[in-house]
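Asker: show me the folded form of this:
(chains A, B and C)
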Amino acid sequence: MAIRDRMSGNEAVAMAMKQVNPDVMGAFPITPSTEIPQYFSEYIANGLVDTEFIAVESEHSAMSTCMGASAAGARAVTATSSAGLALMWELLYVAASSRLPITMAVVNRALTGPININNDHSDSMGARDSGWLQMYAETNQEVYDNFIQGILISEACRLPIMICQDGFITSHGVSNIDLIEDEKVKEFVGEYRPENYLLKHENPLAVGPYGVSPYYMEIKRQQAQAMKDAMPVIRDVAEKFEDMTGRSYGFFEEYMMDDAEVALVIIGSSAGTGKEAVDRLRAEGKKVGLIKLRVFRPFPRIPLAEAMCKVKAVAIMDKAESFSNSGGPLFNEARNSLYDLENKPYAVNYIYGLGGRDITVEDFYDIYQDLFVIYDNDDPGDVYRYIGVRDSRFK
Amino acid sequence: MNRQAKDINEQSTWQEMTIGAEIIEPATSKLVNTGEWRIMRPVFVENKCKHCMLCIPYCPDSSIPVKDGKRLDFDYMHCKGCGICVKVCPFDAIDFVKEVK
Amino acid sequence: MARRNEAVEIRWHGRGGQGAKTACLLLADVAFNSGKHVQGFPEYGPERMGAPITAYNRITDEPCKVHSNIYHPDYVVVVDETLLGTVDVAKGIKEGGAVIINSKKEPEELRSLLPGYEGKICVIDAERISMETLGKNYPNTPMLAAAVKVSRVIDQELFIKDMEESFRHKFSHKPDVVEGNMRALKKSMEEVKVS
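Answerer: Numbering: from 1, shown residues only, chains lettered A, B, ... in the order given. The predicted model follows:
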């Protein structure tokens, strides 16, 4: 029986960590992820876990700690946000190319300029090409469930994973959650038993050698394969998780898509607000749907394209700019995935929610309205758009 | 893929690499003839050597073997010919000559 | 077709350090304990003692999907009446809703500070109640009680029982504090004035 409780997203991640009882946590505080190591160190102080908590002087060291621990054969976790993730940058690539399974809770926050502590996805989206697996959550429940699954996925793929949630919106928002019993989580994640590791007495290992040109590209190709091979692993772990909890997870969730004419593609907590707009528009007889992307790395190119092809027009929502002059990161990848298909929908991009800018049910109404205009006129207009920004042209 | 370093070379495919380029066994430097890089060659002059052992810790490539308190001739498979041992030897017991291939 | 899930939405106004956020999370707790689906979330910025802060509750029967702030609350709770001059606390309140203010004044005396607002005004002297029952100015408990009483979001009996349990748990080593808080709670529910 699930344990009914209520807690914030940060508490939920700390709870998942407690139940997993990892070997090592290397962490440095940064808003809005600070509460995770804070709650977790309480668990350590109270003897509820036997994790080695390594307090370091920067995120660079936090990631280095996790890498060292992971290479040594330990199950390692950490948490960070925004500038903290940025300070880990170099190590993100080293962890991924060394194929070290590390589970990192990322509490998404704008990556500075101007300085801002609120939510958008610019931090983890910036790290999208670092070779880490990435999963995003709409709710506290999802970030909790993703963290527990993430441990297994990461270890099975031998790739590090970011378990992302929206800063403040879910990280500091208290809501209902169904927790899994400690023993069940323990059994689900099992013991971490890598085949080779640094501290294996009878067979010491060298990690992170220099990769000269005759070898480097083969190593990167192999890393790309690991990302590809992660797809069935993510699916299998989700099945095992569903057997345990009854909660089902895929690469993305389709909401009211079966007979939809227009749809959104969106990541994170705002998907919930979008679903509310779908419910209300459906009550008015409008055939609208929504796709919530859970797994961004690996990018589920083929199934996502198939899902988008059910409709005539999609709005692909980016909570991060990429300053490419051609739309945000999700837009570019999702739109790209449609290229080979015959009957592809119109696909437009909306940049929204930067630096904590709220997006409301009414905003989603406007977007669906725009999509129906595109659908009716058979013309996408400008595909690179903003919503929720003050604009002198529309005053 | 748990392949040993000796089985991986510049013809190996990406599928044949170890995961993350890990080297899963110790002492793989034994496989690599870095002595081939040598331009200058140190020559051990045994009759001048007092076995003071000063050259041993200075050698960056651990290429001076020691047995029973005495240094032996160079390990030319790994000596890169840097000449540090020549400089530090107080007894001129190491000559330094041009490598002839 | 998804079922419509009517929410009771509450917005809290306070100043940093006064515990409006704590009261908001407490309300989420008690509503959760009564079997509801809850959201309790503060609106964050750089944290500064004394600066205006906002926190929100959504309380529903089915899981609530919306993750935006609340612009049309059913109820607004104002923990510090000095905010009335600077923050438009009554903004967007739904018809039939109410604003609940911590003040010694009569509801109608406060109306002039809420220009354009024609709805219900409720007043509770949380400071006095807190001083009388706890000997210190902790407006949280009385404000929470007033919010529960006015919004009827939770059954009152259930609320009192639940709060007592939670106080007993929280202050297990200070039984007199439990006593004081419970008196503050009940007194607030009796005294809240409605325009």
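Asker: okay, CA-based contacts and neighbour counts for the rest of this
Answerer: Fine.
Asker: which residues in chain C form strands?
Answerer: C:8-15, C:37-43, C:52-60, C:75-78, C:98-102, C:120-124, C:193-194 (DSSP state E).
Asker: where does the prediction get shaky in chain C?
Answerer: Within chain C, the set of residues satisfying pLDDT under 70 comprises C:1-5, C:46-47.
Asker: buried ones in stretch A:87-107?
Answerer: Under the neighbour-count criterion of 16 or more other CA atoms under 10 Å in any protein chain shown, stretch A:87-107 has A:87-89, A:91-107 buried.
Asker: and for stretch B:80-100?
Answerer: By neighbour count on 16+ other CA under 10 Å, the buried set for stretch B:80-100 is B:80-83, B:85-86, B:89, B:93-94, B:96.
Asker: straight-line length of it, end to end?
Answerer: 14 Å (CA to CA, to the nearest Å).
Asker: likewise stretch C:88-101?
Answerer: Taking CA to CA, stretch C:88-101 runs 13 Å from one end to the other.
Asker: so how far is that stretch from its chain's centroid?
Answerer: From the chain centre to the centre of stretch C:88-101 is a distance of 12 Å (CA atoms, centre = their mean, to the nearest Å).
Asker: if we can go back for a sec, of all the strands of chain C, which one is nearest residue A:252?
Answerer: Closest approach to residue A:252 among these (CA to CA): strand C:37-43, 24.1 Å.
Asker: thinking again about what came up before, from the buried residues of stretch A:87-107, which land in strands?
Answerer: Using DSSP E, A:102-107 are the members of the buried residues of stretch A:87-107 that sit in strands.
Asker: just confirm residue A:143 is within a helix.
Answerer: Yes - counting by DSSP: H, G, I helix; E, B strand; the rest coil, residue A:143 is located in a helix.
Asker: just give me the neighbour total for the closest residue to it other than its chain neighbours.
Answerer: Nearest non-adjacent residue to residue A:143, counting by CA to CA, 6 or more residues apart in numbering or on different chains: residue A:137, 5.2 Å away. For residue A:137, the count of nearby residues is 27 (other CA atoms under 10 Å in any protein chain shown).
Asker: next: residue A:130.
Answerer: Neighbours of residue A:130 (other CA under 10 Å): 19.
Asker: that one: what secondary structure?
Answerer: Under three-state DSSP, the three-state class of residue A:130 is coil.
Asker: surely it meets residue A:96?
Answerer: Yes - in this structure, residue A:130 is within contact of residue A:96 by CA atoms under 8 Å, at 7.0 Å.
Asker: next, give phi and psi for residue B:40.
Answerer: As for residue B:40, its main-chain torsions (degrees, to the nearest 10) stand at phi -110, psi 150.
Asker: quickly list what it is bridged to.
Answerer: Beta bridges link residue B:40 to residue B:98 when assigned by DSSP bridges.
Asker: my read is that it contacts residue B:95, right?
Answerer: No - Residue B:40 lies out of contact with residue B:95 (CA under 8 Å); the separation is 10.1 Å.
Asker: so how far is chain C from the residue positioned nearest the centre of chain B?
Answerer: Most central in chain B under CA atoms, centre = their mean is residue B:78, positioned 2.2 Å from the mean C-alpha point. In this view, residue B:78 and chain C are 60 Å apart by CA to the nearest CA, to the nearest Å.
Asker: now that residue: closest residue in space, sequence neighbours ignored.
Answerer: residue B:35 is the one closest to residue B:78 (CA to CA, 6+ apart), at 4.5 Å.
Asker: do residue A:83 as well
Answerer: Leaving aside its sequence neighbours, residue A:83 sits nearest to residue A:111 (CA to CA, 6+ apart; 5.9 Å).
Asker: who are the neighbours in contact with the one you found?
Answerer: Residue A:111 sits next to A:82-83, A:86, A:122-123 when contact means CA atoms under 8 Å, 6 or more residues apart in numbering or on different chains.
Asker: please identify which pair of the buried residues of stretch B:80-100 lies farthest apart.
Answerer: The widest separation within these (CA to CA) is 18.3 Å, between B:80 and B:93.
Asker: longest helix in chain A, please.
Answerer: Counting residues, the longest helix in chain A under DSSP state H turns out to be helix A:213-245.
Asker: what pLDDT, on average, does that helix get?
Answerer: Mean per-residue pLDDT for helix A:213-245: 98.
Asker: point me to the residue of the stretch 201-350 of chain A nearest chain B.
Answerer: Using CA to the nearest CA, residue A:218 is the residue of the stretch 201-350 of chain A that sits closest to chain B, at 4.2 Å.
Asker: quote the end-to-end distance of stretch A:347-358.
Answerer: Terminal residues of stretch A:347-358 lie 23 Å apart, using CA to CA.
Asker: my bad, should have said stretch A:288-302
Answerer: Terminal-residue distance, stretch A:288-302 (CA to CA): 22 Å.
Asker: in that stretch, what counts as buried?
Answerer: In stretch A:288-302, counting by 16+ other CA under 10 Å, buried: A:288-301.
Asker: so which of these sit within strands?
Answerer: Within these, residues falling in strands by DSSP E are A:288-293, A:295-297.
Asker: beta partners of residue A:176?
Answerer: Residue A:176 forms beta bridges with residue A:6, as assigned by DSSP bridges.
Asker: residues contacting it?
Answerer: A:4-7, A:140-141, C:32, C:37-39.
Asker: okay, and residue A:152 sits in which element?
Answerer: Assigned by DSSP states H and E, residue A:152 belongs to helix A:140-157.
Asker: and the ones in strands among the buried residues of stretch A:87-107 as JSON lines, adding distance to residue B:57 and pLDDT?
Answerer: Formatted as JSON lines, these follow (distance: CA to CA, whole Å; pLDDT from 0 to 100):
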{"residue": "A:102", "distance to residue B:57": "39", "pLDDT": "98"}
{"residue": "A:103", "distance to residue B:57": "42", "pLDDT": "98"}
{"residue": "A:104", "distance to residue B:57": "43", "pLDDT": "98"}
{"residue": "A:105", "distance to residue B:57": "46", "pLDDT": "98"}
{"residue": "A:106", "distance to residue B:57": "47", "pLDDT": "98"}
{"residue": "A:107", "distance to residue B:57": "50", "pLDDT": "98"}
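Asker: nearest to chain C among those?
Answerer: When those are compared for distance to chain C (CA to the nearest CA), residue A:107 wins out at 14.3 Å.
Asker: and the closest residue to residue A:380 other than its chain neighbours, what helix or strand is that in?
Answerer: Once flanking residues are discounted, residue A:380 sits nearest to residue A:374: 5.1 Å by CA to CA, 6+ apart. Here residue A:374, judged by DSSP H and E, is contained in helix A:361-377.
Asker: perfect, I'm done here.
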